[in-house]
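J.: can you look at this prediction? I've put the sequence above it.
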Amino acid sequence: MITKLARIGMGVAAMVLVTNSFALAETSATPVTTKKVAQASPAPKATPNPFTYRGYVRAYDFTRQNAYNGPNTKPNQQSLSAALNLHGDYAFSGSGFSVGASYLYANPLGGCSTPASHFPQSTANNCAGAGFSGNGTTVYQDDTLPGFTMSTLYEAYAQYKGNGLFLKGGDMVGTLPWAPSSDSRLKPVAYQGVDGSYAFTKNWTLELADYWQWECRTCSNFDHGTLLTDPGSFPYPGATALQTWNYNPAQNGVPNNGFTFARVGYTGPKNAPLTANVSYYAFDKIANLLWIDAKLPLSASKLKPFVAAQFGSEGNATNYTAPAPGNTVSSSILGDISSTVFGLQAGFNPMTNIALTAGYDSIPVKTATLTAAQAAGVITCSNTSHQVTPVSKYKVNLPYFLPASGTGECSNVTGGGINLYYGGLASPYTDSYATDPLFTTSLTQGMADRRSPGNAFKLQATFTSDDKRFVSYISQAWYDYATPAIYQGTKETDFDALYYFNALPKTGSYKGFLFRYRYGGRDESTYTGAAAPGLFKYNRFQAEYDF
């Protein structure tokens, strides 16, 4: 706590040095009059309270049903947990400076509550693998909620806002498309670093950021890990890529130093309301990502038609080099990354309360060929599932970022060689969270979570009541993960309903109760060895009180 408060003080001092504060003298002219009039004394103005606070009490009941025998078979899961979140801000009057902090405590309201009890090797309270038995059937806790206690001061920052300039430093909740808050559980994701933006005009903005640590949504401390590179840092298995080709289990993964970010944003005038951003992410030792997004309303009619586009190009990081088999050298912790994504979205309101959208994303497949000599003693390729079987448990000699969850990874070539199929996006801060900005990402999974090339299409209908207190949507998405090796596809149906018990304020944050129910059904029946369709079902019930 003392360390974080000291960091706030240092951030304020730094901002004072780089910011010129000035006051504009206000002048007024008194009109000439020959008539004496009585002037009422002006009513005293209320002094704004420099301290503001907000928070929530949130409870979740998560249930996962896994009913298939394909790759990465998982048990059924269920967790119940509640959290108290407190946030406070203090504004220094007239200066543009403020400080803020957020604290969260979460408890699973049951046994196996300590993070240590959820390690696979733990035998405390029969919590090995975070499992518990009921009616003769073993059900595992859903540790994405998580199913263990958390206590963390995840925000502690200082910021300045004024004269077109915004600066913020310290621990803060994420706001970037590929480093978001991912606030779909008990706590949001937070990042440690500095972020600044400057509005040159009403239309153009420049933003620069450097984040060197993060705190995941099931973590109580900041660390130098990511969802792709640090499997040992999480108190539960299975949430990381485990594709780290030079992963050393004795070191609990390969730490990195976060990422740097730059963005140029454009917001058009009312008569040409185009919004567009060109962003660049440098994920330390992992990849560099160029991301472009744009949205254009087509008219001001009640139909509210719009089109949107997105483009991404991701390649190897430039600051990391490691040995690899043969003459191949990878410059990424995860192996060779080469990915391109194209996306389009369109929508309109056929009725006042209903919005329809359609989205499409495409990620072309990439192919790498290993000769018989390079493959020997390194990997083999199954002729049925077309999955790579590494000779090393941790794929230490396979420097390619391969797909997950059943996409065809390889095929055998005459003469003993092997073709490898890759090209998926590496997303260090959204992988397995299903919170990335792709138009086709669904409630439980998207193309970035699959780390796979392919094509995806998604339709969604959203209903919003006149008073905005009830919001619901239903969506259907199709994912084609075909490679030259084999066809693999999934489809997902989602339903989401949110109800606010009190009227929504015109300004400020909502206060009062809300209920939310989400359902996701994913069909993975095209997996080799799959038992039946309707293979994965996710039910999430949320009860929350905001104050």
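T.: It's in.
J.: can you count the residues close to Pro273?
T.: 14 (other C-beta atoms under 10 Å). To be clear about C-beta, it is placed using only N, CA and C from the backbone, and glycine gets the same treatment.
J.: correct me, but it touches Leu296?
T.: Yes: with contacts counted by C-beta atoms under 8 Å, Pro273 reaches Leu296, the gap being 7.3 Å.
J.: now do the contacts for Ser475.
T.: Ser442, Lys458, Leu459, Gln460, Ala461, Glu492, Thr493, Asp494 (C-beta atoms under 8 Å, 6 or more residues apart in numbering).
J.: sorry, that was for Asp293
T.: Pro177, Ala276, Asn277, Ser279, Ala308, Ala309, Gln310, Phe311, Pro437.
J.: which one of the residues you listed has the most neighbours?
T.: Using other C-beta under 10 Å as the neighbour criterion, Gln310 leads the contacts of Asp293 with 21 neighbours.
J.: what does the model give the closest residue in space to Trp204 that isn't next to it in sequence for pLDDT?
T.: Of all residues not flanking Trp204 in the chain, Tyr266 sits nearest, at 6.0 Å (C-beta to C-beta, 6 or more residues apart in numbering). Note on Tyr266: pLDDT of 98.
J.: please apply the same query to Thr384.
T.: 86.
J.: how far away is it from Ile486?
T.: 9 Å (C-beta to C-beta, to the nearest Å).
J.: what of Phe283?
T.: The gap separating Phe283 from Ile486 is 30 Å, by C-beta to C-beta.
J.: with neighbour numbers in mind, choose between those two.
T.: Using other C-beta under 10 Å as the criterion, Phe283 and Ile486 rank with Phe283 on top: 29 against 21.
J.: pLDDT at that one, what is it?
T.: pLDDT, read off for Phe283, is 95.
J.: what is it paired to in the beta sheet?
T.: Note on Phe283: beta-bridge partners Phe259, Ala287, judged by DSSP bridges.
J.: which one of the contacts of Ser475 sits in the busiest neighbourhood?
T.: Glu492 (26 neighbours).
J.: next, that one: secondary structure please.
T.: Look at Glu492: counting by DSSP: H, G, I helix; E, B strand; the rest coil, its state is strand.
J.: before we move on, the earlier item: which of the contacts of Asp293 fall in strands?
T.: Judged by DSSP state E, strands contain the following of these: Ala276, Asn277, Ser279, Ala308, Ala309, Gln310, Phe311.
J.: can I assume Asp449 sits in a strand?
T.: No: assigned with three-state DSSP, Asp449 falls outside any strand and is helix.
J.: ok so, going back, which helix or which strand is home to the residue nearest to Trp204?
T.: In the assignment (DSSP states H and E), Tyr266 maps to strand 259-267.
J.: now Ala373
T.: helix 372-375.
J.: by contact count, what packs against that helix?
T.: Packing partners of helix 372-375 (3 or more C-beta pairs under 8 Å, 6 or more residues apart in numbering; DSSP states H and E): strand 417-422.
J.: and the strands in the stretch 301-450 of the chain?
T.: Remark: strands assigned in the stretch 301-450 of the chain by DSSP state E, counting those that start in this stretch are 306-316, 338-351, 354-363, 366-370, 379-381, 388-390, 410-413, 417-422.
J.: where does the protein dip in pLDDT?
T.: Residues of the chain that meet the criterion pLDDT under 70 lie in 1-47, 67-74, 111, 116-139, 230-254, 319-332, 391-398, 526-534.
J.: picking that back up, just the closest of the contacts of Asp293 to Thr52, please.
T.: The closest of the contacts of Asp293 to Thr52 turns out to be Pro177 (C-beta to C-beta; 27.7 Å).
J.: quick one: residues contacting the nearest residue to that closest one once chain neighbours are set aside.
T.: Excluding its sequence neighbours, the residue lying closest to Pro177 (C-beta to C-beta, 6+ apart) is Pro437, at 4.1 Å. Neighbouring residues of Pro437 by C-beta under 8 Å, 6+ apart: Pro177, Trp178, Pro180, Trp291, Asp293, Gln310.
J.: quick one: the residue nearest to the last one when sequence neighbours are not counted from Gly406, how far?
T.: Take Gln310 and drop its neighbours on the chain: the residue closest to it by C-beta to C-beta, 6+ apart is Gly343, 4.0 Å away. Taking C-beta to C-beta as the measure, Gly343 falls 23 Å from Gly406.
J.: and Gln192, what are its bridge partners?
T.: With DSSP bridges as the criterion, Gln192 is bridged to Asp171, Gln213.
J.: contacts only, for it.
T.: Contacts of Gln192 (C-beta under 8 Å, 6+ apart): Gly170, Asp171, Met172, Tyr211, Trp212, Gln213, Trp214, Glu215, Phe222, Gly258.
J.: only C-alpha atoms, please: export stretch 106-113 in CSV.
T.: C-alpha atoms of stretch 106-113 as CSV (Å, rounded to 0.1, in the frame of the first residue of the first chain):
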residue,chain,number,x,y,z
ALA,A,106,-13.8,-11.7,-3.5
ASN,A,107,-14.8,-15.0,-1.8
PRO,A,108,-16.2,-18.2,-3.3
LEU,A,109,-18.5,-18.8,-0.3
GLY,A,110,-17.4,-22.3,0.1
GLY,A,111,-14.5,-24.7,0.6
CYS,A,112,-11.2,-24.7,-1.4
SER,A,113,-11.1,-21.0,-1.0
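J.: nearest spatial neighbour of Gly110, chain-adjacent residues omitted?
T.: In space, Gly110 is closest to Leu80, 6.8 Å off (C-beta to C-beta, 6+ apart).
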